[in-house]
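**Student:** Let's see this in three dimensions:
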Amino acid sequence: MFCAISGATPEEPVVSKRSGLLFEKRLVEKHIAEYGTCPVTGESLSTDDLVPVKTPKAVKPRPLQAASIPGMLGLFQNEWDAVMLSNYALEQQLHTARQELSHALYQHDAACRVIARLKKERDEARALLAQADRQIPMLPSNLAASNASTMSNGKRDLERDDELPPPSKRIRQGITPEIIKELTDCNAMLSSQRKRRQISPTLAPVEALERYTQLSSHPLHKTNKPGILCADIHPSKGLISTGGADANAVVFDRSAGQIISTLSGHTKRVTSVKFVARDDLLLTGSADKTVRIWQANEDGAYNCRHVLKDHIAEVHAVTVHATNNYFVTASMDKTWCFYDLSSGLCLTQVNDPGIEDGYTSAAFHPDGLILGTGTTESLVRIWDVKTQANVAKFDGHSGAVTDISFSENGYFLATAGYDGVKLWDLRKLKNFRTFTPYDSNTPTNSVQFDYSGSYLAIAGSDIRESFMCSFWTRCDLSGCWNGR
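**Tutor:** Here you go, the predicted structure:
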């Protein structure tokens, strides 16, 4: 019996009731499912018209090739050849897979290198953008958002100024009318307060000063480069900051008698340090032409927030405005810069063509609208901060003007130089007294009025004290005069 469709002996034979033909069950069911007719006669046919034929299970006879030994050998040879061909194909596929894997690994390595290079370029671009944000004009509302990245001990990779224009050619935002209004409001408030201020009854009299003695002495800086070049006292905390010839600044806790932070980052001597009366900020200027803004963290250590590179020569002075929102730096490059403290943005850089030498000192007037600067050419210049105009000039020192201090009464100015100290009346614009506290071989390095304006402290170079930072309960008796 043979299937009417395939012509082969069916494994599951069925017979059509309508035509009586024999079919392979699976073949005829597929045809009925697709066409619904008999594959031979074309008559309508369904699976219900199929009758299965029961047959005994029989083993298929062996092919003629397996009926003899030579036939079996030939069969085995064919199977062996098939196995060899299959094995050869597998080896070819394995070789191809290995080549593809090697290529994939090479691509992965190349991709990793490209990703690393892109990350480096991204970091460099971010660094340049952060640096550029401090140099291009910005809206006041965006000032606080620029340069928000922090760094520890002044170590970060923003040292890419070779791709930026020179400081003198950079575009500055300028001191906007909003900032001028803020400075003017601060001036009006402080002026009214100063007129009502009385000298504190607890102010030490001259007799008490004569009995003051040194309390303690602490080595703060490295001995291989000795020398403390500047110092400042925190206005509300018992902290003292010093800048040394060893290129470090140190923050010292006077009550605990120990160093709480060493500020490393400058590459040359630190020439100026100033505390800011808010946000635990500290400013440092250096002979490496940079100014750094530091902020204390919870454990008292100071981290560098900004590195300012707007000067092209040594920075000799840093002074903070009474609002505690702005500060000024003065440099030997014959310019002074006005900065926004929060962003580190240089708002304006003043370069007066009439100045022949650089600035050696600077200080804000207590009311904040006047800035005083000293130069290496023995001149003291008074500036209007709002217009950045030079409104007065004092000539009288011989040699560089090393320090400037305004009295809290707002009327007097003290200046230090190699020839001693001079007091100036800002109302009459003239010198009314001169001190020579040291001999001709000892220059006067620093002057400072006390908060009451009654006393003036004077400091000079002395090799016997250059290795130590000495603290006195008020001031050194040899450097105090009654200013009343």
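**Student:** Assign a three-state SS to the residue lying closest to E377 once chain neighbours are set aside, would you?
**Tutor:** Nearest residue to E377, sequence neighbours excluded (CB to CB, 6 or more residues apart in numbering): D357, at 4.5 Å. In short, each C-beta sits where N, CA and C put it, glycine included. At D357 the chain is in coil, as set by DSSP: H, G, I helix; E, B strand; the rest coil.
**Student:** Do you know the pLDDT at D357?
**Tutor:** Reading off the confidence values, D357 has pLDDT 80.
**Student:** One more: S191?
**Tutor:** Confidence score, pLDDT, at S191: 85.
**Student:** now do S470
**Tutor:** On the pLDDT scale, S470 gets 33.
**Student:** following the helix or strand containing A132, which helix or strand shows up next?
**Tutor:** Assessed by DSSP states H and E, A132 sits inside helix 69-133. The helix or strand immediately downstream of helix 69-133 is helix 177-196, counting by DSSP H and E.
**Student:** avg pLDDT for the helix holding A132?
**Tutor:** Helix 69-133 comes out at a mean pLDDT of 90.
**Student:** Also stretch 322-340?
**Tutor:** 93.
**Student:** Could you check how far it is from the centre of its chain?
**Tutor:** From the chain centre to the centre of stretch 322-340 is a distance of 21 Å (CA atoms, centre = their mean, to the nearest Å).
**Student:** and what of stretch 313-326?
**Tutor:** On CA atoms, centre = their mean, the centre of stretch 313-326 falls 20 Å from that of its chain.
**Student:** Extract the CA atoms of that stretch and return them as CSV.
**Tutor:** The C-alpha trace of stretch 313-326 is given here as CSV (Å, rounded to 0.1, in the frame of the first residue of the first chain):
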residue,chain,number,x,y,z
ALA,A,313,53.7,90.2,39.0
GLU,A,314,54.0,89.7,42.7
VAL,A,315,50.9,90.3,44.8
HIS,A,316,51.8,92.4,47.8
ALA,A,317,48.5,93.3,49.4
VAL,A,318,45.0,91.9,50.0
THR,A,319,42.3,94.0,51.7
VAL,A,320,38.6,93.1,52.4
HIS,A,321,35.7,95.5,52.0
ALA,A,322,33.5,96.2,54.9
THR,A,323,30.6,94.4,53.3
ASN,A,324,32.7,91.2,53.4
ASN,A,325,31.4,90.5,49.9
TYR,A,326,34.3,92.1,47.9
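**Student:** in it, what counts as buried?
**Tutor:** If you call a residue buried by 16 or more other CB atoms under 10 Å, then stretch 313-326 has these buried ones: E314, V315, H316, A317, V318, T319, V320, H321, A322, T323, N325, Y326.
**Student:** Dump those into CSV; add distance to I233 as well.
**Tutor:** Below are these laid out as CSV (distance: CB to CB, whole Å):
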residue, distance to I233
E314, 24
V315, 21
H316, 20
A317, 17
V318, 15
T319, 15
V320, 13
H321, 18
A322, 17
T323, 20
N325, 21
Y326, 21
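**Student:** From those, pick the one nearest N78.
**Tutor:** Ranked by distance to N78 (CB to CB), the buried residues of stretch 313-326 are led by V315 at 94.3 Å.
**Student:** so F432 touches L426, yeah?
**Tutor:** No - using CB atoms under 8 Å as the test, F432 is too far from L426 to be in contact (10.9 Å).
**Student:** For the two, indicate the residue with more neighbours.
**Tutor:** L426 (18 against 10; other CB atoms under 10 Å).
**Student:** who touches that one in this structure?
**Tutor:** For L426, the contact set (CB atoms under 8 Å, 6 or more residues apart in numbering) comprises I382, A392, G410, Y411, F412, L413.
**Student:** related to what we said a few turns ago, now, the buried residues of stretch 313-326 that are in strands?
**Tutor:** V315, H316, A317, V318, T319, V320, Y326 (DSSP state E).
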